[in-house]
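Asker: Below is the sequence, then the predicted model.
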Amino acid sequence: LTVPLHDMRWPAAALLLLCGLTGTGHGFGTVASDKATDRCTPPPAMRPRTNVAGGGYLDFTCASATACQAACCADARCAAFSWTPTAITNGTTTRHNCTRGDMCCYLKDSTFKKSMPSPNITSGFMKPTPTPPPGEPRFSKTKPNVLFLIVDDLRPEIRAFGAAHMHTPNLDKLANRSLLLSRAFVQQALCGPSRASFLTGRRPDSTRTITHAGKCTGSRGPSCYWRDVGSGNFTSIPQAFRERGWWTASFGKTFDPRTSNNCDTDLSWSQPPFKCNVDGTGALPNPSRASHLAVKEDQESGLIDPPIAGAALEFLQTYDHDEAPFFLAVGLHRPHLPFMVPERMLALYPPDLPAAHPADNNFAPDGVPPVGWTYSGEIHSYKYNSSWKNGWITNNGSSWTGEPNATLPADWTTELRRHYFAAVSATDELMGTILDELATLGIENNTIVSFIGDHGWHLSENGLYGKCTNFNVGTRVPFMVGGARLGIPVVPPGGVRSRSLAEAVDLLPTLFDLVGFGQLPLCSNQTSRMMPNPPLLCREGVSLVPLIDAPSSVQRLAAFSQYPVPGCGGVGCTGGGSNMQHPSHMGYTMVTSDGKRITQWLSMQYNNATGAFLPQWETTSVVRPSWVNESPSPLNASVVPNCPVTAVLEYYDHSVDPEENYNLALAPTPTRAAEIAALLKRLRAGWRAALTPA
């Protein structure tokens, strides 16, 4: 058929031809035209992710979903359709009221309602998405969209954050229309706990999600889901937007599936998350678990992140931007291990690049206590060379076991750093395609954009490889918020840079402020209770919006992080031991606005009734760091005998030691001892006392 659909009146026989079939339709009559609205030019968007229910008036056999869509397009009465390739039955009843069974097209009028997707059903609705005239933005008059970007294991290795060797043009462009926070810290340097924290606006002592599945016991069994482990039924950021009328969608790793019960699907998302439960490897095989691998251009589609970015693009292109605003979360995996990257990205970072060489402080800090050391456990599960048939990175050509002052060969470190940099550039390119699409669709001027990494990553700094530390390299992340709301840019042209302290838990109140929801109340000390009803929504951070007009203003006097240890020896990145939910020790960390970092490692107790964390500030005596009676246990930190009940200290002065190479708590001078005492008092007072008056 070559005649435009909207120029014809379609009898039943013509619809059968349109569907590629012949025969007698069910309930056909003459179909009216729709010249006036020309609603099928351009063709309406297919909506396979949104079911449409109710309002049915016609069903017939049709060869394809595309043909069913065209049939709906040709009928002025039709507002939605659904198509099933094979009959879907529930007992003896065929779902969607299709009487035709296989290859059934079901047309519905304007009384249809959207519902959650069902397997095997392709649905769509016919409201057009007109292209705005040149220069005219298309957006809701009252509510902005939100693009929520997260990257795994990303430290601030971006040109906009001062890394001149990096190729990150798209994130640099985003920085020029954002508030860039150069001193932002997560509350725990591990994927699942960090995401559970900033996606609820709560700190790890509140979520009680401090490790990954398999090391927790919740109401559903071995679960580290914050709604299960006795902390509280806290409202997440996407859940809050969904409850306020936004269509929420997730592509890739937003929540960590190990700490969110299938990515909080039922409460946070309007449609099933795309590729939430994936292992991070992608379609390309990596049977030897190589730590790094470069692939040719024709293999790039098999990497983990391109399909995620592609699906997010499809969502933007098919979403009806004249309906509800969207909250679109996109979580990319790289630069998480394994560093599987495009060859063309690796070529940007030659082996002789100075930044690719091992860090200047490729050694354990002087005076680091064993309880504060990690044996870089995650990278131990990968092989440096993909040709190795047996053994991991520790016992093939290297004696490195993660011990202090024992490191990987320099050329190995260079290759790992090159591949990490290339992974960041590959992620930058994919993020760029999504950001550019906002402008192409005419919605850039009404989309607020946030960007954050879930924690940092050591690449030989402090003699470490990985996360799971309280060092700045482990806890500091790139953090930006920008975009525009209702045609008004969030920040002035060129962006705003701020060195004021920020925390990942600030993301919730900042987005609420930018969207216009108003300020959330500060969480009280009594909000962490077993499954309160309804879900709680409050904040443990602050809005960073005031920094846009006054980037040097002080929103807080200190930022706080923590890391658990199952025994008082060192801890591997995978946690070690079977009781990480209730670890024996916790390292509470504070970074002050004037550049001091204090960490106190405390013995822990727990309230068996509520699960509350009870750090032993009173009963734990303070001693200087020592390896005595705390023998390191490489790769197995679950049990260390003769653990003293002591609070071990770390103190680093960034004004003279920005790399954290010297623990000044080891043998403090009287002046240093007084500084430490004052900082410990502030650390114990906690994050509430560090907030400045509004």
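Answerer: Noted; the coordinates are in hand.
Asker: Gly442 versus Leu486, what's the distance?
Answerer: Distance, Leu486 to Gly442, by C-beta to C-beta, to the nearest Å: 14 Å. (C-beta placed from N, C-alpha, C; glycine too.)
Asker: Looking at those two, which one has more neighbours?
Answerer: Remark: of Leu486 and Gly442, Gly442 carries more neighbours, 18 against 14, as counted by other C-beta atoms under 10 Å.
Asker: In three-state terms, how would that one be classified?
Answerer: Of the three states, Gly442 takes coil according to DSSP: H, G, I helix; E, B strand; the rest coil.
Asker: Count the residues that sit near the spatially closest residue to Leu508 that is not a sequence neighbour.
Answerer: In space, and not counting its chain neighbours, Leu508 is closest to Gly201: 3.3 Å by C-beta to C-beta, 6 or more residues apart in numbering. Per other C-beta under 10 Å, the neighbour tally for Gly201 reads 29.
Asker: hey, which strand is longest across the chain?
Answerer: Counting residues, the longest strand found in the chain (DSSP state E) is strand 596-606.
Asker: Give the partner strands of it in its sheet and their orientations.
Answerer: Applying DSSP bridges to the sheet, strand 596-606 is found paired with strand 585-592 (antiparallel), strand 613-615 (antiparallel), strand 646-653 (antiparallel).
Asker: Poorly predicted segments of the stretch 51-200 of the chain, please.
Answerer: Within the stretch 51-200 of the chain, the segments meeting pLDDT under 70 span 51-54, 87-101, 111-120, 125-141.
Asker: so where do the strands sit in it?
Answerer: Ranges of strands in the stretch 51-200 of the chain, per DSSP state E, counting those that start in this stretch, are 51-53, 56-61, 80-84, 89-90, 93-94, 104-108, 113-115, 122-125, 145-151, 178-181, 184-185.
Asker: Provide the secondary structure category for Met340.
Answerer: State at Met340, reduced to three classes by three-state DSSP: strand.
Asker: I'd guessed it sits against Ser291; true?
Answerer: No - if you go by C-beta atoms under 8 Å, Met340 and Ser291 don't touch, sitting 9.7 Å apart.
Asker: Which one's more surrounded, these two?
Answerer: The neighbour count for Met340 versus Ser291, taken as other C-beta under 10 Å, is higher for Met340 (29 against 25).
Asker: Tell me, what's the model's pLDDT at that one?
Answerer: At Met340, the model reports a pLDDT of 93.
Asker: what's near enough to touch it?
Answerer: For Met340, the contact set (C-beta atoms under 8 Å, 6 or more residues apart in numbering) comprises 281-282, 284, 286, 292-295, 303-304, 334, 423.
Asker: Ser291 too?
Answerer: Taking C-beta under 8 Å, 6+ apart, we find Ser291 in contact with 337-339, 379, 382-384, 393, 416.
Asker: if I look at the closest residue to it other than its chain neighbours, how far off is Val473?
Answerer: Leaving out its chain neighbours, the residue that sits closest to Ser291 by C-beta to C-beta, 6+ apart is Tyr382, at 3.8 Å. Tyr382 is 20 Å from Val473, where distance means C-beta to C-beta.
Asker: Which of the two has more residues huddled nearby?
Answerer: Just comparing Tyr382 and Val473: by other C-beta under 10 Å the higher neighbour count belongs to Val473, 23 against 19.
Asker: does the more buried one count as helix, strand or coil?
Answerer: At Val473, secondary structure determined by three-state DSSP is helix.
Asker: who's in contact with it?
Answerer: For Val473, the contacting residues are 155, 456-458, 461-462, 464, by C-beta under 8 Å, 6+ apart.
Asker: Equivalent analysis for Ala690, please.
Answerer: Ala690 is in contact with 556-560, 590, 682, counting by C-beta under 8 Å, 6+ apart.
Asker: swap the cut-off to 10 Å and go again
Answerer: When contacts are counted by C-beta atoms under 10 Å, 6 or more residues apart in numbering, Ala690 touches 501, 503, 555-560, 590, 592-593, 682-683.
Asker: Skipping its backbone neighbours, what lies nearest it in space?
Answerer: Spatial nearest neighbour of Ala690, chain neighbours left out: Ala558 (4.2 Å); criterion: C-beta to C-beta, 6+ apart.
Asker: thinking again about what came up before, the residue nearest to Ser291 against His336, yeah?
Answerer: No - the pair Tyr382 and His336 does not pass the contact test of C-beta atoms under 10 Å, sitting 11.4 Å apart.
Asker: just the angle between the helix or strand harbouring Phe327 and strand 145-151, please?
Answerer: Assigned by DSSP states H and E, Phe327 belongs to strand 326-332. Taking axes from the mean of the first three to the mean of the last three C-alpha atoms, to 10 degrees, one finds strand 326-332 and strand 145-151 inclined to each other by 10 degrees.
Asker: who does strand 326-332 pair up with?
Answerer: Counting by DSSP bridges, the strands paired with strand 326-332 are strand 145-151 (parallel), strand 247-252 (parallel).
Asker: got a markdown table for the ones you listed, with mean neighbour count too?
Answerer: A markdown table is the format used below for these (neighbours: other C-beta atoms under 10 Å):
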| stretch | mean neighbour count |
| --- | --- |
| strand 145-151 | 25 |
| strand 247-252 | 25 |
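Asker: Indicate which one of those is closest to Glu437.
Answerer: strand 145-151 (9.8 Å; C-beta to C-beta).
Asker: now the closest one: how far from the chain's centre is it?
Answerer: Centroid displacement of strand 145-151 relative to its chain, using C-alpha atoms, centre = their mean, to the nearest Å, is 9 Å.
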